[in-house]
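> Turn this into a structure:
(2 chains)
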Amino acid sequence: MLAIADLHFEKGSAYAERGALLPPYDTAATVAALAAAVTRLKPATVICLGDSFHDSNARARLDGRDADAIRTLSHDREWLWVIGNHDPEPPADLGGEIVHTLKLGPLTFRHAPMAEAGPGEVAGHLHPKAAVKVKGRRFVRRCFAANESRVVLPAFGAYTGGLDVLDEAFSPLFAGGLEAHMLGRDKVHRFPGDMLVRI
Amino acid sequence: MSETAADLIIDDLPQPVLPQRFLAWFGARGWRPRRHQVEVLHAIRDGEHVLLSAPTGGGKTLAGFLPSLVDLADGGGGKLHTLYVSPLKALTTDIERNLSLPVAEIDLPIRVETRNGDTPQAKRQRQQRNPPDLLLITPEQLALMLSYREADRYFRHLKHIVIDELHSLTAHKRGDLLALGLARLASIAPAARRIGLSATVADPDALGALVGLGEPARLVLGEPGPRADIKVLSSETRVPWSGHLARHTMAEVYDALRRHNTTLVFVNTRAQAEIVFQELWRRNDDNLAIALHHGSLAPEQRRKVEAAMVRGDLRAVVCTSTLDLGIDWGDVDLVIQIGAPKGLSRLVQRIGRANHRLDEPSAALLVPANRFEVLECQAAAAAVMDGELDGEAERAGALDVLAQHLLGRACSAPFDMTQVYDEIRRAPPYAALTWEDFEATLDFVATGGYALRRYERYHRLSKDENGLWTVANQRVARQYRLNVGTIVEAPMIRVKLGRGRELGKIEEWFIEQLKIGDTFVFAGEVLRFEGLRDMVAVVSRATGADPSVPSYYGGKFPLSTYLAARVRDMLADEARQKDLPWQVKDWLKLQRWRSVLPGRDDLLVETFPRGGRFYTIAYPFEGRLAHQTLGMLLTRRMDRAGLRPLGFVASEYALAVWSLRPIREKAVNRLFEEDMLGDDLEAWLNESNLMKRTFRNVAVIAGLIDRRHPGEEKTGRQVTFSSDLIYDVLRQYQGDHILLRATYADAAAGLIDVARVAAMLQRIQGRITFQALDRVSPLAVPLMLEIGREAVPSDANEAMLAEAAEALIDEATRLI
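Numbers count the residues shown, from 1 in each chain, chains lettered A, B, ... in the order given. Predicted structure coming up:
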């Protein structure tokens, strides 16, 4: 099983609608990264943890080739679109199944993490990012924010920015502190919250 | 203006060109028109463009305005007659004040006004409806005004365009923007004559081309002032081997201040300014009025210092390049340059700030901070005495600036593509612009210029029924006007004293590294960091004398090619070393005994073992940027050769690389071969963060992402977007996109100095002097002392991150 969060397909074209003509390759880049992960890990199930499409118009702007690529991915395995309260519903013609929350054994998958949720919550929505200082240099990376009972996944989309895990949005979720698992080029690096610096 | 200089009179020039009332005014002030002032009048009367080069204090500005004042003596026609463009807003205000004197005293019916970012909306609108006779503006303001729909009507009647401090407006993006604006004006008002003013002119042809825009420009030279009196401080104390702060000279510098009426103390970086200012005040037993002036201080603070200077209330100002240009203040009798001058033109400009009386020589004192800087200061002083200047290398106009200009062009009026192409090529930086690059830039402005044509319906420009390019909607025009300009600053954070006044702005990266309680020097005080609140760094006055966080990082200006050659000349020729202080002479003598001194055109490479490593030192004297690039490429190449390089450090003069295995004499020529700049360069650049930083600036200037305006971060009104993400995606999917090409051109020219590395490699082929030593040479010591202060190469990023995480795990497991 593979869980990813916040794909934000067609974020670039959403900006273009407002006049910022960003390179229109973000969906292709995101799909390609996802396809590479699927090829490497061969999951039977893929769970997309919400905000998979940047807005409700995203389908209309989606390029034919990108749509085909998404369909191919969702067709060949169990594909679950988890959606949040304000999340646009993924287009029906791209395959997959829509769910709101998903319970699998001890784990609960939902889009936005809830402070009052029990142990085993896996969520996205917040786009966690963290910074550490090593020998006078600062490294800022996307990360998993985690403690012993929950994890918030980094955003997967090519154009998704991030929110500092030291931001107060994270504090009700991680009252006893958190660990940031920062994305390196080839592996994930773990740092406790008290080693992090503000972005 | 002095009376003596006026004796160089103009009897041999034909036809008085000055009306009687002007001559009377000159006479009443005890002046007579200068030869160059009259020559400018003649040239303009003959319909020529003019490049006027005259020393500061030579009545240069008046020479630029006289043709307009004479032409307007009987009243203007309620139309804009003369446009004056200056690099500094402060200078336009100053000129407005200075012009009011002749205008009032000759009783001329002329309205002079300035216009800048601070001009109230009502005044701007009035200026638009009812233009002044003379309008004084900056290049950014010109670009903005040219984007208005009424630009054509507004500028159509222009007679004269005066461009001040012209030498400072070339060879960078701001100069590109100005050149494009001037080319546009030349189409709107073909009859307008341009007058370029410059104190230092290293390359009259290049500046003349900018003034002429394809037409000839007459070069007018002012009378040269007496030779400047330049001394290099020969310190009585020990001259340090390395470092840039010149602390050892402060007693002598202070003594010089005491012996002069008013001194300008120039330094190369803001941090140096802070420290020198502190050091001088520590010694200020006589309570001299010493002030501080640099670009990060709050504007009110700077204005206060300038006003005090004009009143003659100050004995000294410690300043950075913020005072290189600008307002004339008459009574400066000494200019001190602390640290190496780096380039001759800048040095001459700075020295020219002293003594605006033409008949007295400017006095200057160069204060080297270390032994290499002694050489550089001596070489610079000798070169200035010889009347030498170093010009900026020519470069092609930037495509991101062109994109901005094209968008502005469309905001003003629909345009024909071929016509605009021809107009643009009149601007010297774009003279060689190809049709393909022009088309690709226009395509970027219109629809993003992407191979995947998905944005046709979101276009910013479109073709109208007549085949003219026009802006798609007014939102695009509004957005353009918020983003105009080429100066993209590093993110700055405001610094406030408690809840009280703002002290200025400081770079975000510096604030980031502070912990609460850290102390640092800023705005001339030692401050304690109290925390970051709402994007404001709150500080208090600290009691301790020594700040805990130093902020010095390298010299900002690279050593100029010309000055580098003079330093090599000096090292190669013992006869030129006779004026050096004895400590430096001894140092060079020791070097000759232990190794050799670098020759004029060869490259000295030394190797020696130390602490289980092998050090290789090369002495190209090409400036820190070029050496850093060379270091990156050399270590890659050594890695492939199995020499196991571990790191390198670069200074203005030399490069040190250390490795686990030594470089052998027979391999050294291969290592320095010219092909180093091929694939290695490209591979390195693609991985480096430098390209991402450069891309951000390019993307802002080209209008892909919006400029961040201070205070707007939180309103969310603008499109903010991480440019790093865009860079990664664009590089992956369309590596030849015009913005990536512009980014590469920027990095190659400015940040990594590829041209200079290339020229050096070519120069030294077959001319490497190899010295295998058993220990460190005297010349290598300064560089060896820098090791450890430098950051490691960017390739090591991932390794460092992993190491930090693993070190932590080690620590944790050991505790168990």
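
> alpha carbons only for contacts and neighbour counts from here, please
Noted.

> is the longest helix along chain A anywhere near chain B?
Ranked by residue count under DSSP state H, the longest helix found in chain A is helix A:26-41. Yes - against chain B, helix A:26-41 shows contacts by C-alpha under 8 Å from any C-alpha of the partner chain at A:26, A:29.

> The helix or strand containing A:Lys103: which residues count as buried?
Element membership for A:Lys103, per DSSP states H and E: strand A:102-104. Residues of strand A:102-104 classed as buried: A:Leu102 (neighbour count, 16 or more other C-alpha atoms under 10 Å in any protein chain shown).

> which residues are in contact with it?
Strand A:102-104 is contacted from outside by A:82, A:108-110, using C-alpha atoms under 8 Å, 6 or more residues apart in numbering or on different chains.

> now the residue in the stretch 1-150 of chain B that chain A sits nearest to: how far from B:Glu439?
When distances are taken as C-alpha to the nearest C-alpha, the stretch 1-150 of chain B reaches nearest to chain A at B:Ser147, 18.3 Å away. Note on B:Ser147: its distance to B:Glu439, by C-alpha to C-alpha, to the nearest Å, is 20 Å.

> So which of the two has more stuff around it?
Remark: of B:Ser147 and B:Glu439, B:Ser147 carries more neighbours, 24 against 14, as counted by other C-alpha atoms under 10 Å in any protein chain shown.

> pretty sure the more buried one is touching B:Gly408, no?
Yes - B:Ser147 is within contact range of B:Gly408, at 4.8 Å (criterion: C-alpha atoms under 8 Å).

> Shouldn't B:Thr635 be within a strand?
No - counting by DSSP: H, G, I helix; E, B strand; the rest coil, B:Thr635 is not part of a strand but helix.

> related to what we said a few turns ago, can you give the contact residues for the helix or strand just after the longest helix of chain A?
Using DSSP H and E, the helix or strand that follows helix A:26-41 towards the C-terminus is strand A:45-48. Residues external to strand A:45-48 that are found in contact with it (C-alpha under 8 Å, 6+ apart): A:1-7, A:77-82.

> Can you tell me how far the residue in chain A positioned nearest to chain B is from B:Met691?
Using C-alpha to the nearest C-alpha, the closest approach of chain A to chain B is made by A:Leu21 at 5.4 Å. From A:Leu21 over to B:Met691 the distance is 21 Å, taken as C-alpha to C-alpha.

> Tell me which of these two has more neighbours.
The neighbour comparison of A:Leu21 against B:Met691 (other C-alpha under 10 Å) goes to A:Leu21, with 27 against 20.

> Give the helix, strand or coil label for the more buried one.
Following three-state DSSP, A:Leu21 is assigned to coil.

> So it versus B:Ala667, what's the distance?
50 Å.

> For chain A, which segments count as helices?
With DSSP H as the criterion, chain A has helices at A:11-17, A:26-41, A:58-61, A:64-75.

> Give the buried residues for the longest one.
Which is helix A:26-41. Across helix A:26-41, burial judged by 16+ other C-alpha under 10 Å covers A:26-31, A:34-35, A:38.

> Could you tell me the end-to-end distance of stretch B:285-297?
The first-to-last residue distance of stretch B:285-297 comes to 26 Å (C-alpha to C-alpha).

> quick one: it to chain centroid distance?
Here stretch B:285-297 is found 23 Å from its chain centre; the criterion is C-alpha atoms, centre = their mean, to the nearest Å.

> Now that stretch: buried residues?
For stretch B:285-297, a neighbour-count test (16+ other C-alpha under 10 Å) marks B:290-297 as buried.

> Pull the contacting residues for B:Met784.
Counting by C-alpha under 8 Å, 6+ apart, B:Met784 makes contact with B:Ala656.

> give me phi/psi at it?
phi -60, psi -30 (degrees, to the nearest 10).

> next one: B:Thr237
Torsion angles at B:Thr237 (phi, psi; degrees, to the nearest 10) stand at phi -80, psi 180.

> so it touches B:His248, yeah?
Yes - taking C-alpha under 8 Å as the definition, B:Thr237 is a contact partner of B:His248 at 6.7 Å.

> out of those two, which sits in the busier spot?
More crowded of B:Thr237 and B:His248, by other C-alpha under 10 Å: B:His248, with 16 against 11.

> Tell me the pLDDT of the more buried one.
pLDDT for B:His248: 88.

> My reading is that it is in a helix; is that accurate?
Yes - when classified by three-state DSSP, B:His248 is found to be part of a helix.

> In which helix or strand does B:Ala380 reside?
If you go by DSSP H and E, B:Ala380 is part of helix B:371-385.

> So what touches that helix?
Contacts of helix B:371-385 (C-alpha under 8 Å, 6+ apart): B:227-228, B:230-232, B:239-242, B:339-344, B:348, B:366-368, B:389, B:563-564, B:566-567, B:570, B:580, B:584, B:653.

> just the CA coordinates of the helix or strand that it is followed by, formatted as CSV?
Downstream of helix B:371-385, the next assigned helix or strand under DSSP H and E is helix B:399-412. Only the C-alpha atoms of helix B:399-412 are listed here, as CSV (Å, rounded to 0.1, in the frame of the first residue of the first chain):
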residue,chain,number,x,y,z
LEU,B,399,16.4,38.8,-21.9
ASP,B,400,14.4,39.1,-18.7
VAL,B,401,14.8,42.9,-18.9
LEU,B,402,13.7,42.7,-22.5
ALA,B,403,10.6,40.8,-21.5
GLN,B,404,9.7,43.5,-18.9
HIS,B,405,10.2,46.2,-21.5
LEU,B,406,8.0,44.4,-24.1
LEU,B,407,5.2,44.1,-21.6
GLY,B,408,5.5,47.8,-20.7
ARG,B,409,5.5,48.6,-24.4
ALA,B,410,2.3,46.8,-24.9
CYS,B,411,0.7,48.4,-21.8
SER,B,412,1.4,51.8,-23.5
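
> can you pull the contacts of the residue of the stretch 401-550 of chain B found nearest chain A?
Distances between the stretch 401-550 of chain B and chain A by C-alpha to the nearest C-alpha are smallest at B:Gly448, namely 5.4 Å. For B:Gly448, the contacting residues are A:21-23, B:455, B:459, by C-alpha under 8 Å, 6+ apart.

> which of these has the weakest pLDDT?
Within the contacts of B:Gly448, pLDDT is lowest for B:Tyr455, at 86.
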